[in-house]
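1. kindly return the folded structure for what I paste below:
(2 chains, ligands or ions: 1)
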Amino acid sequence: MKSPNPFWLASAPPTDKKINVERAFRAGWGGVVWKTLGENPPVVNVSSRYGAVGWNGQKMMGFNNIELISDRTLEVNLAEIKEVKRNWPDRAMIISLMVPCQEENWKNILKKIEDTGADGIELNLGCPHGMSERGMGAAVGQVPEYVEQVTRWCKAYTRMPVFVKLTPNITDIRMPARAAKRGGADAISLINTINSIVGLDLERMSPVPHVGGRGTHGGYCGPAVKPIALNMVAEIGRDSETRGIPISGIGGISNWRDAAEFMALGSQNVQVCTAAMHYGFKIIEDLTSGLSNWMDSQDYRCLQDLIGKALPNVVHWNELDLNYKSIAKIDQSQCIHCGLCYVACEDTSHQAIEKKSALSGLSQSFHSNYEVKNDDCVGCNLCALICPADCIEIVPQETGKDYLPWTRHPQNLLRT
Amino acid sequence: MKEPLFCELKAPLDARSAKVESSRCYYCYDAPCIQACPTQIDIPSFIRKISNDNLLGAAQDILRANVMGGTCARVCPVEVLCQSACVREIGEDKSVEIGRLQRFATDQFFESAQPQMEKIFQRAPANGKKVAVVGAGPAGLSAAHGLAVLGYEVTVYEARAKAGGLNEYGLAPYKVTSEDIQREVNWILGVGGIELRLNSALGIDFTLDHLRTSYDAVFLGLGLHAFRSLGIPGEDRDGVYDAARFIERIRQAPRVADLPVGRTVVVIGGGSTAIDIAIEMKQLGAESVTIVYRSSEEKMSATSHERELARNQGVVIRSHARPTQIFGKPNGSHSVEFERTDRCTGERFELPAEQVFKAIGQTLETRQWWGQTQLHLTASGRIAVNEEFETSVPGVFAGGDCIAPGDDLTVSAVQQGKLVAQAIHAQLNPMEKGEVKDGRSHLSDRRSEISQSFLAGFSTSNG
Ligand SMILES: Cc1cc2nc3c(=O)[nH]c(=O)nc-3n(C[C@H](O)[C@H](O)[C@H](O)COP(=O)(O)O)c2cc1C
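-> Reported below is the predicted structural model:
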């Protein structure tokens, strides 16, 4: 499967009709996964659909929705898909599908989409609200046997490549990923959205978004979910059974750096939803130019050089070197004297920062100085993470000691 | 209603901008801004409350530390106080806008449909003791309020027709309006236990001797009401004004348009009063306004921020020149002759002026207002007090501009009034420690001394 760049729009409102998708292609997106199609009659959506978590003045750190799949008829969608694909032959066009979990239903819908000219299908086994209560979406994706079965049916009834989109609402992502692989999936897409109540309206005593004073859990996405998605992508990339299966990474990707991280953990390409819904399609410019400029600066000649590059460094905790030591170092020339490193370390960590009051004597300064007590610092990073001036560096220390994992540590009674 | 002739130079924040600005605060530990605030408002705490929609909590933090937090938010030279210490100033040359956030929080509180005053202060049961406060300016009102909260019966004597002191009569109208001030006066009196006697002047309507015998303690928050003179020929001509007196006229005029406004204006001096009168005259329609200061611009007690404000209004600032003579011209206007102080040649120049304003500072009025009671004054002519703000006469305390060293800031006067209330309480109740309702003891607060010394460090006398 080819697309001019690795950035696709995920199956969601940005891809739910011709007008959006053509705007996206004009802006430069490499491909789309069309908004999930279901059987006729189409679903009905509620009014008031989205909620969000902002943080400290920033909007949309986390985003949630209680929308269902496409609420237009299958025929309208298929006609538009066909037309768009004809107009934009070089872009990847994937159709997302969700029907009841029976062989006939999948067989029928696959027949109908065959002549759209689309490049592949994505099985939406992940939508966590509305559809799952009807036995579809996450209700399928949470049972590995169903995942395998549905994938197998689709492989049997279409020549098109099959992407299986997984739900993160599960204890161990490797189980459905292995099932998809067994079923013959050509690729895995993840993550879909996470079960969430993004907040309560305390006046109405209702979850938000509220529909006439009542709400329901929705699907969470946006920058807040990226860490969860990255972990799941890495799990699949490291698992002996699923290693090597193409992954389309999704979850909170907002800029080229996010994309590079997904790729370094084994994603072949990435899909974006929230960032496009927040800023519009134009962000593709920064995604493509940022990734390509960074790759040039690092001498990565093609995406394949980058994909999976970080995987060998993602290891089990037991393999970490217990003799590695690092300690915090404050660059006094950049310090703005806010004292946050001090109070964090003093109240909640290792009391390893000393406050040197500037108020002694006749000094007119209100600004204290802060110094790391090297002997007490365990290199936890908290101070550096907090520092608003980014002036704390965690510096590796030369210990002269050999690599020592927990499996061999003297305090481990079960050591080998 | 008086038409708002003066445009506010620092616009208030709306709810959204307040929220955005509040998110810039790092919530520093042992925050430098608190230490730089003469009243030690817990600035990071009130800002965090704004960003978390706890506006009542923000108002509590501010007003408990500074009962005139609303006015101070508007008139404090924040660029040399709290905002100068903000760590964002070090990091990116742009402090959090503490003053505007404080104004937002206090305005929200006072402008709410029913301000929950009792959530900020509750008066202790009356303790049967009486204190007289002379002067209803920032120091007097702050002391009266602090004492009333502790259960004292307080009588405030004010010579003028309105309470507020310099807040009412002296602050620049482009910073704060009379309505703002009277709203604040009412809030302070609203705590209960304070009787305000207007038009009652010390030495005319009553004497200090009388107060000493009728009250358990006396507080003098007199302010400074005598004007320095230049001591040069022509100073007493018509059209030569004391700036502070003219500002008072501006503030109290029923119709500002009736005031005399010269086309060319010369202001002599280098403090906030010089800046204020210059900007006011410019806003009233003067074509050219020139401030002339005897030494270098950096030596002016007006801050660089204030000087910039004046320049933005079209005011010209000239340094290194001292006035030697004011001439009259046949057309009724004047010419001020200056001698340059940066050359020893005695070089002189003249500036034409239809109006000349002297903003060279005020001094304590030394009429024989204290009857038999003799108070010690300092070399600079202000009332001498000890660390507890007690004068040379036991039971008589003083604070605000009338004591030394004095930095002539509203916020310092408020703080002194607050400390005086503690000191009087401690003296009249030797067994108890002076604690206000919010549980913080200010007398024992090391930081208060520090900010005092800080203020002493940057302020110089006017002129
Ligand atoms: C409003 C909305 C509707 C969505 N609808 C679908 C859908 O129909 N089918 C699907 O597979 N995923 C759907 N998703 C999930 C997204 O495709 C994507 O997996 C998720 O939002 C995570 O990516 P992001 O963090 O970039 O938004 C939807 C997401 C949103 C926000």
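2. can you give me the domain assignment for chain B?
-> Per automatic domain parsing, the domain ranges recorded for chain B read B:15-118, B:124-225+B:365-455, B:227-362.
3. in CSV: those domains, plus distance to residue A:356 and mean pLDDT.
-> All C-beta atoms are positioned from the backbone trio N, CA, C, and that covers glycine. Putting the domains of chain B into CSV (distance: least, C-beta to C-beta, whole Å; pLDDT from 0 to 100) gives the following:
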stretch, distance to residue A:356, mean pLDDT
domain B:15-118, 12, 95
domain B:124-225+B:365-455, 16, 86
domain B:227-362, 29, 93
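4. I'd like those as JSON lines, with mean neighbour count and distance to residue A:239 appended.
-> Listed next are these as JSON lines, based on neighbours: other C-beta atoms under 10 Å in any protein chain shown; distance: least, C-beta to C-beta, whole Å:
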{"stretch": "domain B:15-118", "mean neighbour count": "21", "distance to residue A:239": "41"}
{"stretch": "domain B:124-225+B:365-455", "mean neighbour count": "20", "distance to residue A:239": "59"}
{"stretch": "domain B:227-362", "mean neighbour count": "18", "distance to residue A:239": "62"}
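5. nearest to chain A, of the ones you listed?
-> With respect to chain A, and counting by C-beta to the nearest C-beta, the nearest of the domains of chain B is domain B:15-118 at 3.3 Å.
6. how far is the lowest-mean-pLDDT helix or strand in chain A from where the chain is centred?
-> The weakest-scoring helix or strand in chain A, judged by mean pLDDT, DSSP states H and E, is helix A:138-141 (a mean of 88). Put simply, helix A:138-141 sits 19 Å off its chain's centre (C-alpha atoms, centre = their mean, to the nearest Å).
7. same question, stretch B:30-48
-> 19 Å.
8. list the contacts for residue A:186?
-> Neighbouring residues of residue A:186 by C-beta atoms under 8 Å, 6 or more residues apart in numbering or on different chains: A:120, A:161-163, A:246.
9. which one of the residues in the stretch 51-200 of chain B is closest to the ligand?
-> The ligand sits closest to residue B:51 of the stretch 51-200 of chain B, with a gap of 25.8 Å, by C-beta to the nearest ligand atom.
10. spit out the contact partners of that residue.
-> So residue B:51 contacts A:56-57, B:19, B:22-23, B:25 (C-beta under 8 Å, 6+ apart).
11. between those, which is closest to residue A:373?
-> residue B:25 (28.0 Å; C-beta to C-beta).
12. so what's the closest one closest to, chain neighbours aside?
-> residue B:47 (4.3 Å; C-beta to C-beta, 6 or more residues apart in numbering or on different chains).
13. which element is that neighbour on?
-> Secondary structure assignment for residue B:47, by DSSP states H and E: helix B:43-51.
14. state the distance from the closest residue to chain B within the stretch 201-350 of chain A to residue A:368.
-> Nearest to chain B in the stretch 201-350 of chain A, going by C-beta to the nearest C-beta, is residue A:339, at a distance of 3.3 Å. Distance from residue A:339 to residue A:368, counting by C-beta to C-beta, to the nearest Å: 6 Å.
15. what do you get for residue A:334?
-> Taking C-beta to C-beta as the measure, residue A:334 falls 16 Å from residue A:368.
16. equivalent analysis for residue A:332, please.
-> From residue A:332 across to residue A:368, the span is 12 Å (C-beta to C-beta).
17. who has more neighbours, those two?
-> More crowded of residue A:332 and residue A:368, by other C-beta atoms under 10 Å in any protein chain shown: residue A:368, with 21 against 11.
18. poorly predicted segments of the stretch 1-150 of chain A, please.
-> Judged against pLDDT under 70, the stretch 1-150 of chain A has no low-scoring part.
19. okay, which residue is most central for the chain?
-> All of this is about chain A. What sits nearest the mean C-alpha location of chain A, by C-alpha atoms, centre = their mean, is residue A:251, with 2.2 Å.
20. oops, I was thinking of chain B
-> residue B:410 (2.5 Å).
21. assess the claim that that residue and residue B:67 are in contact.
-> No. Using C-beta atoms under 8 Å, residue B:410 makes no contact with residue B:67, being 11.5 Å away.
22. with adjacent residues omitted, what lies nearest to residue A:378?
-> residue A:350 (5.5 Å).
23. same deal with residue A:208?
-> residue A:51 (4.4 Å).
24. tell me which residues touch residue 389, please.
-> In the absence of a named chain, chain A is used. So residue A:389 contacts A:334-336, A:338, B:91 (C-beta under 8 Å, 6+ apart).
25. my question was about chain B
-> By C-beta under 8 Å, 6+ apart, residue B:389 lies in contact with B:397-399, B:403, B:416, B:419-420, B:423.
26. mind checking which of these land in helices?
-> When the contacts of residue B:389 are checked against helices (DSSP state H), the matches are B:416, B:419-420, B:423.
27. got the residues you listed as JSON lines, with distance to residue B:229 columns?
-> What follows is the ones in helices among the contacts of residue B:389, written out as JSON lines (distance: C-beta to C-beta, whole Å):
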{"residue": "B:416", "distance to residue B:229": "28"}
{"residue": "B:419", "distance to residue B:229": "33"}
{"residue": "B:420", "distance to residue B:229": "32"}
{"residue": "B:423", "distance to residue B:229": "35"}
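28. filter those residues by proximity to chain A?
-> The subset of the ones in helices among the contacts of residue B:389 within reach of chain A, by C-beta under 8 Å from any C-beta of the partner chain, is empty.
29. what residues does chain B have near chain A?
-> B:19-20, B:23, B:26-33, B:35-36, B:51, B:85, B:87-88, B:90-91, B:450, B:453-454, B:457.
30. where's the residue nearest to residue B:25 relative to residue B:82, distance?
-> Where residue B:82 is concerned, residue B:47 sits at a distance of 11 Å (C-beta to C-beta).
31. quickly list what's touching both of the two.
-> Shared contacts of residue B:47 and residue B:82, counting by C-beta under 8 Å, 6+ apart, come down to residue B:98.
32. hmm, back to that, phi, psi of the residue nearest to residue A:378?
-> In this entry, residue A:350 is assigned phi and psi values of phi -110, psi 20 (degrees, to the nearest 10).
33. for the stretch 1-150 of chain B, which residue gets nearest to the ligand?
-> Counting by C-beta to the nearest ligand atom, the stretch 1-150 of chain B gets nearest the ligand through residue B:23, at 23.3 Å.
34. please verify my assumption that that residue contacts residue A:59.
-> No. The pair residue B:23 / residue A:59 is not scored as a contact, 11.7 Å apart, by C-beta under 8 Å.
35. residues touching residue B:311, list them.
-> Here residue B:311 is in contact with residue B:317 (C-beta under 8 Å, 6+ apart).
36. okay, and it sits in which element?
-> Element membership for residue B:311, per DSSP H and E: helix B:304-312.
37. paired strands for the helix or strand just after that helix, with orientation please.
-> Proceeding C-terminally, helix B:304-312 gives way to strand B:316-318 as the next helix or strand, assigned by DSSP H and E. When pairing is defined by DSSP bridges, strand B:316-318 lines up against strand B:288-292 (parallel).
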